[in-house]
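1. need coordinates for the below:
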Amino acid sequence: MLAADHAPQVQAGHARQDAARADLDRAGRWPDPRLVFGVQNLPVQGPGAFSTAADPMTARTFGFSQEIPSGAALAAERASARAAEGAAVAGTEQARLAARRSAAEAWVALWAAEEAKHQLSGLVQQNEVAILAAKARLAGGRGSVADALAARAARSELANRMDAATADVEAARAALARWIGNDAAVGPLADPPDFARLPVSDARLLETPSQQAPLLDWGPREDLAEAALQRARASKHPDWSVDFSYGARAPGLPAMVMLQVGVRLPLFAAHREDQDIFARRADLEAVRAEREDARRAQVEAVNRALAQWQGLGRQVRRDRETLLALAADRSAAALAAYRGGGSLQPWLEARRDEITTRLDYVEALKAWGDSWARLAFLLPEYAQ
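-> Here you go, the predicted model:
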């Protein structure tokens, strides 16, 4: 929740929602009236030029003008504003899910880095035993200087890997701090979730592609295209206008008023409004086709992600239950053989293989956790 609460992109999404709500509140209203004032029939030549009292037709006027959009146009404007608000809400939810997924992946990276360090630290004691055995054999005249140097070199190689693992831990902690803050990132990690179980069933994921994070904005996109079509259709409904003015003439002369009603005449609809309607309908059809393509692509992506998650789970269990134990037994057996008078080379080879096996296991763990996070934060109701 820390990532969802504090991520800048989520805060930006909330701001866009506020803006969309404000736009919705003002949508579908008449435009403000216009106040008009001036002088009519003012002479500009002759003895009475620029005098408002020289000619009886001269009048000082003031009044107002009001545009009256059609009901269809106002309804279309409200529909467009509602669609824009829906798009803002969907964008915020997508940002929230993306932040939570990114924070989860950063957490997994830190957890895996610490696990790699732990796996390497478990090999330190065996390395010290090998060094002591090499020294003892050398002192007893049964060993070689080369074996003693090789055992010490193996210890240095392990120390280098430990240093690299420590650096990876710090780098991963810095990445996690971006999402949850420094104070939360420096503390000890809690136990990882059960990566073998998703918070939602496979069937649910495959049945609800349109409700998942990548497709949340497609509904508002279609609504916006429908609103654009509604606006185009509304353009065939005429807009009206009312103009009223009052004219005050020279003293002794009666005042005069003017009232005008105007209407827009869509006389050439076949070449203007109808073409706009046709274009917006085509846009809507395109959005619907693209939405269906996105839905199919999401189903494919979920199927691929599920297959990867399940395959990585099997790999992790195999590594944990079989390969790690076999690699450790091989190293222990090779070291025991060396201490009994055998060659050091089998232990060096077994040791290298064990390090590779342990680090491969950690990489599989990290990939498993990442695949779990990508699936766990697809549906908003399961990402609370």
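2. distance check, the residue lying closest to Pro380 once chain neighbours are set aside against Ala255.
-> Once flanking residues are discounted, Pro380 sits nearest to Glu93: 5.7 Å by C-beta to C-beta, 6 or more residues apart in numbering. The C-beta positions use only the backbone N, C-alpha and C, and glycine is treated the same way. Distance, Glu93 to Ala255, using C-beta to C-beta, to the nearest Å: 61 Å.
3. do the same with Leu205
-> Taking C-beta to C-beta, one finds Leu205 at 76 Å from Ala255.
4. ok, these two, which is more surrounded?
-> Leu205 (23 against 11; other C-beta atoms under 10 Å).
5. so who does that one touch?
-> Each residue near Leu205 by C-beta atoms under 8 Å, 6 or more residues apart in numbering is listed here: Leu198, Gln212, Val302, Leu306, Leu375, Leu378, Leu379.
6. what about the helices in this protein?
-> Along the chain, the segments classed as helices by DSSP state H run 2-6, 8-26, 71-121, 124-139, 145-180, 182-186, 202-207, 218-234, 273-318, 324-339, 345-376.
7. so which of these comes closest to Gly262?
-> helix 71-121 (15.4 Å; C-beta to C-beta).
8. tell me the angle of the closest one relative to helix 218-234?
-> In terms of direction (axes from the mean of the first three to the mean of the last three C-alpha atoms, to 10 degrees), helix 71-121 departs from helix 218-234 by 160 degrees.
9. gap between helix 71-121 and the chain center?
-> Centre-to-centre, helix 71-121 and its host chain are 4 Å apart (C-alpha atoms, centre = their mean, to the nearest Å).
10. spit out the contact partners of the residue located most distally from the centre of the chain.
-> Most distant residue from the mean C-alpha position of the chain: Pro47, 75.5 Å away (C-alpha atoms, centre = their mean). Taking C-beta under 8 Å, 6+ apart, we find Pro47 in contact with Ala54.
11. mind checking the backbone torsions on it?
-> Main-chain dihedrals, Pro47, degrees, to the nearest 10: phi -60, psi -30.
12. report how many residues lie close to the spatially closest residue to Pro43 that is not a sequence neighbour.
-> Distance criterion C-beta to C-beta, 6+ apart; nearest residue to Pro43, sequence neighbours excluded, is Asp55 at 5.1 Å. Residues contacting Asp55 under the criterion other C-beta under 10 Å number 15.
13. tell me the contacts of Asp55?
-> Contacts of Asp55 by C-beta under 8 Å, 6+ apart are Asn41, Leu42, Pro43, Gly48.
14. for Asp329, see how far away the residue lying closest to Asn127 once chain neighbours are set aside is.
-> Leaving out its chain neighbours, the residue that sits closest to Asn127 by C-beta to C-beta, 6+ apart is Arg155, at 4.8 Å. Plainly put, Arg155 is 21 Å away from Asp329 if you go by C-beta to C-beta.
15. quick one: which of these two has more around it?
-> Neighbour count, other C-beta under 10 Å: between Arg155 and Asp329, Arg155 has more, with 16 against 12.
16. roughly how far does that one sit from Ala12?
-> Arg155 is 51 Å from Ala12, by C-beta to C-beta.
17. what's the answer for Leu306, then?
-> In terms of C-beta to C-beta, Leu306 sits 32 Å off from Ala12.
18. name the residue in the two with the higher neighbour count.
-> Leu306 (16 against 13).
19. got a pLDDT number for Arg280?
-> pLDDT, the model's per-residue confidence, is 94 for Arg280.
20. okay, now the nearest residue to Met162 once chain neighbours are set aside: neighbour count?
-> Using C-beta to C-beta, 6+ apart and skipping residues adjacent in sequence, the residue nearest Met162 is Leu120, 5.3 Å away. A count of nearby residues for Leu120, using other C-beta under 10 Å, gives 21.
21. repeat that for Arg96.
-> Neighbour count of Arg96, defined by other C-beta under 10 Å: 23.
22. ok, Ala286 next?
-> 11.
23. same check on the one 3 residues further on?
-> As a burial measure, Ala289 scores 10 neighbours (other C-beta under 10 Å).
24. tell me how far it lies from Arg281.
-> According to C-beta to C-beta, Ala289 and Arg281 sit 13 Å apart.
25. also Leu348?
-> Going from Leu348 to Arg281 by C-beta to C-beta gives 74 Å.
26. how about Ser65?
-> For Ser65, the distance to Arg281 equals 34 Å [C-beta to C-beta].
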